[in-house]
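Chemist: quick one, structure for this:
(4 chains)
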Protein chains: 4
Amino acid sequence: MSKIRTALKVDVNTPAAKQPYLHNRWHPDVPFCGKIHNNETVKIECLDWTGGQIGNNDSADDVLNVDLTKVHYLSGPFEIEGAEPGDVLCVEIQDVQPFEDQPWGFSGVFHRENGGGFLDEIYPNAAKAIWDFEGIHCTSRHIPGVKFAGLIHPGILGCAPSAEILAEWNRREAELISEKAADGKTTRTVANPPLTTNTHAGAADEATAAKIAAEGARTVPGRPEHGGNCDIKNLSRGSKVYLPVHVPGAKFSVGDLHFSQGDGEISFCGAIEMAGVITVKCTVMKDGQKQLGMVNGKSPIFIPGPVQPQFGPGRMLYFEGFSVDENGKQHFLDATVAYRQSCLRIIEYLKRYGYDDYQIYLLLSAAPVEGHIAGIVDIPNACTTIGLPMDIFEIDIRPETPAKKLDMARAPVSVK
Amino acid sequence: MSKIRTALKVDVNTPAAKQPYLHNRWHPDVPFCGKIHNNETVKIECLDWTGGQIGNNDSADDVLNVDLTKVHYLSGPFEIEGAEPGDVLCVEIQDVQPFEDQPWGFSGVFHRENGGGFLDEIYPNAAKAIWDFEGIHCTSRHIPGVKFAGLIHPGILGCAPSAEILAEWNRREAELISEKAADGKTTRTVANPPLTTNTHAGAADEATAAKIAAEGARTVPGRPEHGGNCDIKNLSRGSKVYLPVHVPGAKFSVGDLHFSQGDGEISFCGAIEMAGVITVKCTVMKDGQKQLGMVNGKSPIFIPGPVQPQFGPGRMLYFEGFSVDENGKQHFLDATVAYRQSCLRIIEYLKRYGYDDYQIYLLLSAAPVEGHIAGIVDIPNACTTIGLPMDIFEIDIRPETPAKKLDMARAPVSVK
Amino acid sequence: MSKIRTALKVDVNTPAAKQPYLHNRWHPDVPFCGKIHNNETVKIECLDWTGGQIGNNDSADDVLNVDLTKVHYLSGPFEIEGAEPGDVLCVEIQDVQPFEDQPWGFSGVFHRENGGGFLDEIYPNAAKAIWDFEGIHCTSRHIPGVKFAGLIHPGILGCAPSAEILAEWNRREAELISEKAADGKTTRTVANPPLTTNTHAGAADEATAAKIAAEGARTVPGRPEHGGNCDIKNLSRGSKVYLPVHVPGAKFSVGDLHFSQGDGEISFCGAIEMAGVITVKCTVMKDGQKQLGMVNGKSPIFIPGPVQPQFGPGRMLYFEGFSVDENGKQHFLDATVAYRQSCLRIIEYLKRYGYDDYQIYLLLSAAPVEGHIAGIVDIPNACTTIGLPMDIFEIDIRPETPAKKLDMARAPVSVK
Amino acid sequence: MSKIRTALKVDVNTPAAKQPYLHNRWHPDVPFCGKIHNNETVKIECLDWTGGQIGNNDSADDVLNVDLTKVHYLSGPFEIEGAEPGDVLCVEIQDVQPFEDQPWGFSGVFHRENGGGFLDEIYPNAAKAIWDFEGIHCTSRHIPGVKFAGLIHPGILGCAPSAEILAEWNRREAELISEKAADGKTTRTVANPPLTTNTHAGAADEATAAKIAAEGARTVPGRPEHGGNCDIKNLSRGSKVYLPVHVPGAKFSVGDLHFSQGDGEISFCGAIEMAGVITVKCTVMKDGQKQLGMVNGKSPIFIPGPVQPQFGPGRMLYFEGFSVDENGKQHFLDATVAYRQSCLRIIEYLKRYGYDDYQIYLLLSAAPVEGHIAGIVDIPNACTTIGLPMDIFEIDIRPETPAKKLDMARAPVSVK
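Modeler: Sure thing, here's the model as predicted:
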């Protein structure tokens, strides 16, 4: 067997916008950047999802000021030999690695007014943690006393939408935006419509690029018809994901590599973001959507790899959350509200050891915490749990061991 | 060591309402039914959560007509020696067993107009599956080709609320009810206020019983201040749960035993419900709420036992769901909507083997499926996943093996 | 489903020799004690393997003076409906439980001159530990600071040998005995020939009993043609074992229940021995030996149950051993010698915490340590490893945490 | 953090004997090849253990004719800053990777007259399988229908012996050789004394090299005082091994990288051998041998990494073996004999699917089978088990599924 072909190389020193095999919109007209044969295994290089905006330093100013129109660049789209609408593309993720000369990554909490995150009403500032990789493990000088094996994975992978699917995305997301405008209950951004600023349409010619800018779906949200930015931490080494194909040649793209992530990726830029290379084997399953019961092309399914870090269940500490929010308001079976409460419970628990709120917020985003839906039918309360692996801590955090406050340094925080 | 003391025996042949050591309301005034010493291990018997309304037969009529004012009877409340408000009660769940002469349980889908469930807008009818226990495993004649080890656990355990906490529960749930009445957007019941009908106040005298009936919180929902009906499948053999104490003596109650349950318990009565006996060791952690960072007495935490059934990650099949509902409507980061989509995806997948929708709905409620929050920050889509252990099926359900429709019998369904 | 039938009840207060449904020899002529239908699930009660000779007290005198002609009584043999020579009996071990009113067991180190054990040349005395059961967990007042979930299992199960197989057993074991007598290198007992003293032939008539006493194989060793006393700790709840059938009706027997055991059961009586009840489902696989590639009827195979206690691999501490013995003598690829060295290494390691040699010897026998053959080809050294789960200790035994000697009490030891 | 330093590069195209930073004898006088700072992480390149003698082709002639005086070249020895006799060197294995342009490895069965293996009396010929790496997985064209994740690890790592320890090695191995010569019972080679032919003494000057050739211990066997070629499959990514230090500067060496191996590495060259690079972090634990209870400097201990491939216990198929050999001879508690029987049982089992004996022999050596010591005290029989993960097979090998013979191709075999 010969060396695995590298199907795409990126240049971390060149702006993403100048690299024609990258793109940051989902659209059927982004031109192919290359071809992958059926059953072929290739390596694909990827930028980190900010396209290099975040530095390995001790200030969160770059996170505070990140330009969110210049993120989520994907490598692709690739033509997959023989793939047709109705098929399924089976992608076996054989390996994911950081670039050898860049053995570090970052987790960021975005400022409430520039991106925000799951807890931004409580923690509005920007924060950052740099993680150093040591083989399969990582540590952070900004969150001392913690070490864990990365569940390395791509945040984003998917095939391009058809024109019809894209139109449906735009319709329903616009509807949400206009509903929100109508009822005026929230000042939050609820969805982002197509945006021409800094659209990167790959190698598209000018006219096509303009069309893509006008119609293209942002690469930030995942979507049921193709997966996309699903941010599933378990899509790690050895996993297989079954992606619906909607256009001839599939137009498969991948990016946003994560060294590790907790369920929820709660601080938004919360995984350990990195540039690197992913090795994938692409296999076309003809007529696969019908075979796999994917009605209306929905949704990807996957099988995790066999080498997830193993923590014995007796070494997990779980925190319950219910759909009563932090202001005492009762919500109806709302798992999102419940999950936020589980997060807040962990923050209170870990503060007793000397960590501060932002450190823990960053840690919950990056470490392999397990977020579960426990009960979702006992009106009015949904119940969620988050499992925290106790073995990632140097100190003993078992409930029966009295907590002792230690000097845990601080993660950089930047205030607007 | 001598035989473990049985602190409470129930009688499965007597109506629950006539058994004074049971109750079906959370209220600080329900009298103690007995005492457990600090560090003592006891056995506590429990009725199934319908108090015996469901029979081991092949009709779902009993589920259709279940009287929901006569459910969720708890064994207790127990006085825990030395427990005071501010303490934490550590309950080690040493064992849970069905009654030896009743080696079976049931899962039910409630009718939309009598209880409902997570998917009742799509599946409005009542349905039932009977499960036979074979040691640690179970099978159902109503869902052939499936066998799994039970992750046996209590659906409900918790300590009584203080008068203040109970008042807060009633306030916030009433608020939700009135908001719903005001905006008129849904016909669903969003919460249940105190109800005098069939209140069981344990051994309370008449005046106290009347007070409990007027104020007592229903035992159906879990609540953040004490856990209650959290329906966490991982609270199985060997787990330890740390419960906040709010009244002198703790007033600890337990009930609603499950032989197995999937994350979400989606069909509401979806776990494998059974009567049986739980063995618990109760230990008081003085001033524990402060020690464990439980701000305002919230919320329980737990450590699972070490003997959960193990499925290699490579033997789990995961289904993605996003917060676009089955009608194509986009919701904002709504994990509940996303979770429903993951459920619907599995139903489509498994129908290809000959199971029908209600069988799969029942199976998802009862089998140890893993429900995860994957991504919850990429506006507008939350992403959830449900992992289905492939090893519980006799047939090979791997995606690459072509599906073959088999005769899978049917679960009884009753239509109003 | 009705209550599971109890196929055999024992009486812990009556001498084993007086209970006709027990036996302590393998012989095809031991009469059936009852019948189990094909695919039937039954409960079978069993004495502890010493037949009640060991008490729940703080002296090892009973271990010192144990009568080894009165041990290893099996429950059976059962007629399995339809089983014929050449078939395989599939036994699904659905559950194993101690008797409810006897929630304790014992581990013993036998005296070198009365039974001995794996390390008896170094540790010649008798010792004992009593273990209290707390649901799935156990602890011992004689080995404080240790708690673990039991991997509960039968030490012995198998079908009777045919007359031919029995003759072969007697031939080859006699040969070993005479070889040993001839070369005079060891004073150890290397095997035990048939013994008439205290033979228990079940319900056999006098003449048959005499034949069984003269020819019957001791129940102490396991043997390749039927398994027998294989002492495999993983034959726990939910496992399936495939046993070759050698006589009509199979003559299946079971006994020697263990609450837990370490790989090797090194102190001989080292598992946590208990009386109790095993629930088994018996299924005949016609012509199974050929189907399963069991050439000459050898040997049993099995699949463990899915609920083994899980320790993350990062929570196991492994000790290497090589085939150089404790006197510095080099042996040739001898895994037995190597395994002894792994044991001795652990003893030295754990002594630093205040345990004494006999406590650790008992612990290694009883706790779920993992004994592996690592390398067996690099002449002259075999390499074995023993993995010690760090989570069974209250104290932190990680290598990087400095050891502190504590008062760990002592296990009773008796000297001749 | 900057790129990890590569402390040693090898050249796969130059004979090992010409590369001065390699050596193939354990001896305290082999000169340092470089220095590693305390707490430093470095990459070290290694040849495959045959030094490139085996080719990626379909003939086993190279295995048949392998020159065993030119194998087991180690990279090193390294000076570890601050390490002194009595210390322990903690080596964290952060990563192991094949060379990027050589994504394949081999497993070999040596001919009985040139190396042999665990089953060479039954399978005397030479055989070979080539394995292709696909990220973390591997497959072989010579053993179709099998795919598994590698538990990648170094076969050999250790620190140099002191002069006293080396003398003791030579004494005891010579004693075994002379005993064997005296009793004349076997024609097998039982151990290999020092050999001047093709001794590689690293960068030693001529006089030192001559001394090393005369006294140096072969690198083939592991030894209790330092580990060496322990061939422990679990020393994979993320593991930590604690090695006794016997000479100033430790003189740490490593080599013999394996992509995967089964417990026992039964065909001798049975792991999937490869050239590649290992990333290690070296930390000195002062006075560590005393701290860790390593009496007389024995023996290494280790903690596996958290990312071992996970197979649910219910997906392992175990084969029992007892110490009665394949000729019907009874051995006394001999785990080595028992283990051979477990191997032979698996061969019979898997032949039913169309594999031949040599294919299975190779597979058992290379795949992550679990070899356990089950019972080692029930005279005269030791019992071992080997667990075969059923999930590595494409076909369903469960006992209850009837076996069907398929065309499984053949592995190349060479006859003398």
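Chemist: how's chain A carved up into domains?
Modeler: Per the record, chain A has its domains at A:5-303, A:313-414, by automatic domain parsing.
Chemist: would you format those as CSV with distance to residue C:223, mean pLDDT and mean neighbour count included?
Modeler: In short, each C-beta sits where N, CA and C put it, glycine included. Formatted as CSV, the domains of chain A follow (distance: least, C-beta to C-beta, whole Å; pLDDT from 0 to 100; neighbours: other C-beta atoms under 10 Å in any protein chain shown):
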stretch, distance to residue C:223, mean pLDDT, mean neighbour count
domain A:5-303, 41, 96, 21
domain A:313-414, 37, 95, 22
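Chemist: to chain C, which of these lies closest?
Modeler: Distance to chain C, taken as C-beta to the nearest C-beta, is lowest for domain A:313-414 among those, at 5.9 Å.
Chemist: from start to finish, how long is that closest one in a straight line?
Modeler: Criterion C-alpha to C-alpha, to the nearest Å; first-to-last residue distance in domain A:313-414 is 37 Å.
Chemist: what of stretch A:236-253?
Modeler: End residues of stretch A:236-253 are separated by 17 Å (C-alpha to C-alpha).
Chemist: also stretch A:296-307?
Modeler: Length of stretch A:296-307, first residue to last, C-alpha to C-alpha: 33 Å.
Chemist: tell me the pLDDT of residue A:2.
Modeler: The model reports residue A:2 with a pLDDT of 68.
Chemist: let's have the domains of chain A in a markdown table, adding distance to residue D:79.
Modeler: Formatted as a markdown table, these follow (distance: least, C-beta to C-beta, whole Å):
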| stretch | distance to residue D:79 |
| --- | --- |
| domain A:5-303 | 22 |
| domain A:313-414 | 29 |
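Chemist: residue D:329 is nearest to which of these?
Modeler: For the domains of chain A, proximity to residue D:329 was assessed by C-beta to C-beta; domain A:5-303 is nearest, at 44.1 Å.
Chemist: what about that closest one and chain D, touching?
Modeler: Yes: Domain A:5-303 reaches chain D (C-beta under 8 Å from any C-beta of the partner chain) through A:41, A:56, A:92-95, A:100-104, A:132-137, A:149, A:237-238, A:279, A:281.
Chemist: got the end-to-end distance for that domain?
Modeler: With C-alpha to C-alpha as the measure, domain A:5-303 spans 25 Å from end to end.
Chemist: so how far is that domain from its chain's centroid?
Modeler: 7 Å (C-alpha atoms, centre = their mean, to the nearest Å).
Chemist: ditto for stretch A:360-379
Modeler: 15 Å.
Chemist: so is it next to chain D?
Modeler: No: using C-beta under 8 Å from any C-beta, stretch A:360-379 stays clear of chain D, coming no nearer than 9.9 Å.
Chemist: indicate whether that stretch makes contact with chain C.
Modeler: No: Stretch A:360-379 does not reach chain C (C-beta under 8 Å from any C-beta); its nearest approach is 12.0 Å.
Chemist: can you tell if that stretch touches chain B?
Modeler: Yes: remark: stretch A:360-379 sits within contact range of chain B at A:370-379, by C-beta under 8 Å from any C-beta.
Chemist: which of the residues of domain A:5-303 next to chain D fall within helices?
Modeler: Nothing among the residues of domain A:5-303 next to chain D maps onto helices, per DSSP state H.
Chemist: does residue A:142 touch residue A:413 like I think?
Modeler: No: applying C-beta atoms under 8 Å, one finds residue A:142 not in contact with residue A:413, separated by 10.2 Å.
Chemist: how near is residue A:132 to residue A:74?
Modeler: Plainly put, residue A:132 is 26 Å away from residue A:74 if you go by C-beta to C-beta, to the nearest Å.
Chemist: ignore what I typed, I meant residue A:214.
Modeler: 19 Å.
Chemist: go on, residue A:327?
Modeler: For residue A:327, the distance to residue A:74 - C-beta to C-beta - is 39 Å.
Chemist: which one is the residue nearest the centre of chain A nearest to, not counting chain neighbours?
Modeler: Nearest to the geometric centre of chain A sits residue A:231, at 3.3 Å (C-alpha atoms, centre = their mean). Of all residues not flanking residue A:231 in the chain, residue B:375 sits nearest, at 3.4 Å (C-beta to C-beta, 6 or more residues apart in numbering or on different chains).
Chemist: for the stretch 201-350 of chain A, what spans make up the helices?
Modeler: Assigned by DSSP state H, counting those that start in this stretch, the helices in the stretch 201-350 of chain A fall at A:206-215, A:288-291, A:335-351.
Chemist: with the stretch 51-200 of chain A instead?
Modeler: All helices of the stretch 51-200 of chain A, identified by DSSP H, counting those that start in this stretch, fall at A:61-64, A:163-183.
Chemist: can the first one be found next to chain B?
Modeler: When you say that, I think you mean helix A:61-64. No: applying C-beta under 8 Å from any C-beta, one finds helix A:61-64 separated from chain B by no less than 14.6 Å.
Chemist: for the stretch 301-416 of chain A, which residues are neighbours of chain D?
Modeler: The stretch 301-416 of chain A has residues A:305-311, A:391 near chain D, with proximity defined as C-beta under 8 Å from any C-beta.
Chemist: wait, which of these is closest to chain B?
Modeler: When these are compared for distance to chain B (C-beta to the nearest C-beta), residue A:306 wins out at 4.0 Å.
Chemist: test my guess that that closest one contacts residue D:312.
Modeler: No: contact between residue A:306 and residue D:312 fails when scored by C-beta under 8 Å: they sit 10.2 Å apart.
Chemist: quick one: which of these two has more around it?
Modeler: Neighbour totals were compared for residue A:306 and residue D:312, and residue A:306 leads with 26 against 23 (other C-beta atoms under 10 Å in any protein chain shown).
Chemist: and the more buried one, what does it touch?
Modeler: Residue A:306 makes contact with A:238, B:312-314, D:149, D:309-311, D:391 under the criterion C-beta atoms under 8 Å, 6 or more residues apart in numbering or on different chains.
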